[in-house]
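Visitor: sequence and predicted structure below; questions after.
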Amino acid sequence: MAGKSGRVISTDQKFSLNKFLFRWETFLVIVFIAVNIMNITISNRYWSVNGLFNATNTFLCVAFLTLPMCFVLLIGEIDISVGSQVALAAVILGVSFNAGCPMWLSIIIAVTVGAACGLLNGIILVTFHELNPMIVTLGTQILYRGIAEMILKDQATGGFTSVKWFSKLYWGKVGGVVPIMFLVFVVCAIIFGIVMHKSTFGRRMFAVGSNQLAARYSGINIPKMRIIIYTLAGIFSGICAIFVAAQMGSARPNIGTGYEMDAIGMCVLGGVLTDGGKGNFIGAMIAVFLLGFLEYGLGLVNISSNIMMVVKGVLLIFAVMVPNLNLGKILKRDSKEV
């Protein structure tokens, strides 16, 4: 395209091999392939379609929380109450069902409870904007789980197995192979990815995370955006609770413990910066399956959960360190020394 000065302005970005190879997502794909090769090597039970899909189900409950968590981190904030929201929503689901509500209505109530929890987080943060999101959501984390424990104490509420279609939400498969939950997750992930990278709302999230003051002066309604994102996190906490309840056939106040850290860890490993303004949704999704299959493969050879926690910790520390390394300068320095 020719400009007024007569110069030709190219709107097509040329492919750069170096830029592609040094993308964080490329590194994650390489690690993902390496993890699968390792799993195939250490266990002959790993490489089966049914086994892999069954393994996928074990971490997809948490994966649902990574979808809105990407948005929360992208605007430079954090929500560590989502695990407690899962517990409270699951408890309300069980209580409603055993009180005589049909399962479909109990599901709606559970999702509504999750949405209300997220909305409360958003309202508090918008009303008292000087408060730190981590402190606020730490408080609501304790509050929501405390309410769940007040309702059931240390008991469980169940009876979900009497509704056959409900248990199929987790255990059911299309064509006897592909889990229903996996298909639901794929659809949700595609929608979130499009919103994050191809919509006006997504561009505004990047702007808010990069420079909140500049975003405010450019006319972005930041309070409204924060409330929407936190409410969205609550809705998906309710959805996560439904799948967990379908898996277990019951609900307890202690379910969802640590889910928030797993969700945040998957996003961070995927390249979504906790400072906000930078991240790639595809990277977060690769990280979900990378960590999930790594844990599944090590579990097949009876590797302890403590070692798995160490491996996750090392990966997350590495993920945080790499963006702060100026690889370009390092490579130039090395080439000069040679």
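Guide: Arrived safely.
Visitor: can you give me the strands in the stretch 101-250 of the chain?
Guide: With DSSP state E, counting those that start in this stretch as the definition, the stretch 101-250 of the chain shows strands at residue ranges 157-158, 173-174, 178-179, 250-251.
Visitor: deepest of the ones you listed, which one?
Guide: Comparing the strands of the stretch 101-250 of the chain by mean neighbour count (mean count of other CB atoms under 10 Å), strand 250-251 comes out on top with a mean of 23. Where C-beta positions appear, they are placed from N, C-alpha and C, glycine not excepted.
Visitor: and that strand, which strands flank it?
Guide: Using DSSP bridges, strand 250-251 pairs in its sheet with strand 157-158 (antiparallel).
Visitor: contact partners of the strand it pairs with?
Guide: Residues lying outside strand 157-158 but in contact with it, judged by CB atoms under 8 Å, 6 or more residues apart in numbering, are V91, G94, V95, F97, N98, G249, S250, A251, R252.
Visitor: list the contacts of the third one.
Guide: Listed by CB under 8 Å, 6+ apart, the contact partners of V95 are I151, L152, T157.
Visitor: 6 Å instead, please
Guide: With contacts defined as CB atoms under 6 Å, 6 or more residues apart in numbering, V95 has no neighbours.
Visitor: what strand or helix carries it?
Guide: Following DSSP states H and E, one finds V95 within helix 82-98.
Visitor: hey, where'd the helices end up in the stretch 101-250 of the chain?
Guide: Listed in chain order, the helices of the stretch 101-250 of the chain (DSSP state H, counting those that start in this stretch) span 103-127, 133-152, 164-171, 180-198, 200-210, 212-217, 222-248.
Visitor: now distance to G271 too, for these, in a markdown table please.
Guide: Conversion of the helices of the stretch 101-250 of the chain to a markdown table gives the following (distance: least, CB to CB, whole Å):
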| stretch | distance to G271 |
| --- | --- |
| helix 103-127 | 24 |
| helix 133-152 | 20 |
| helix 164-171 | 29 |
| helix 180-198 | 12 |
| helix 200-210 | 13 |
| helix 212-217 | 21 |
| helix 222-248 | 19 |
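Visitor: tell me the most buried of those?
Guide: Looking across the helices of the stretch 101-250 of the chain, the stretch whose mean neighbour count is highest under mean count of other CB under 10 Å is helix 222-248, at a mean of 23.
Visitor: which elements pack onto that one?
Guide: helix 49-74, helix 82-98, helix 103-127, helix 164-171 (3 or more CB pairs under 6 Å, 6 or more residues apart in numbering; DSSP states H and E).
Visitor: which one of the contacts of strand 157-158 is nearest I107?
Guide: For I107, the closest of those turns out to be F97, at 9.0 Å, with distances computed as CB to CB.
Visitor: quick one: that closest one from T231, how far?
Guide: 24 Å (CB to CB, to the nearest Å).
Visitor: low-confidence ranges, this protein, go.
Guide: By pLDDT under 70, the weakly predicted segments of the chain are 1-22, 322-338.
Visitor: center of it - which residue?
Guide: By CA atoms, centre = their mean, the chain has its centre lying nearest to T66, at 0.6 Å.
Visitor: correct me if wrong: that one contacts I264.
Guide: No. Counting by CB atoms under 6 Å, T66 stays clear of I264, with 8.4 Å between them.
Visitor: overlap in contacts of those two?
Guide: Jointly contacting T66 and I264 under the rule CB under 6 Å, 6+ apart is no residue at all.
Visitor: the nearest residue to I142 once chain neighbours are set aside: how many residues sit nearby?
Guide: The shortest distance from I142 to any non-neighbouring residue, by CB to CB, 6 or more residues apart in numbering, is to S84 (7.5 Å). For S84, the count of nearby residues is 27 (other CB atoms under 10 Å).
Visitor: check contacts around S84.
Guide: Taking CB under 6 Å, 6+ apart as the definition, contacts of S84 comprise Q141, Y144, R145.
Visitor: skipping adjacent residues, who's closest to I229 in space?
Guide: The nearest residue in space to I229 (CB to CB, 6+ apart) is F71, at 4.7 Å.
Visitor: where's the one you found relative to S43, distance?
Guide: The gap separating F71 from S43 is 36 Å, by CB to CB.
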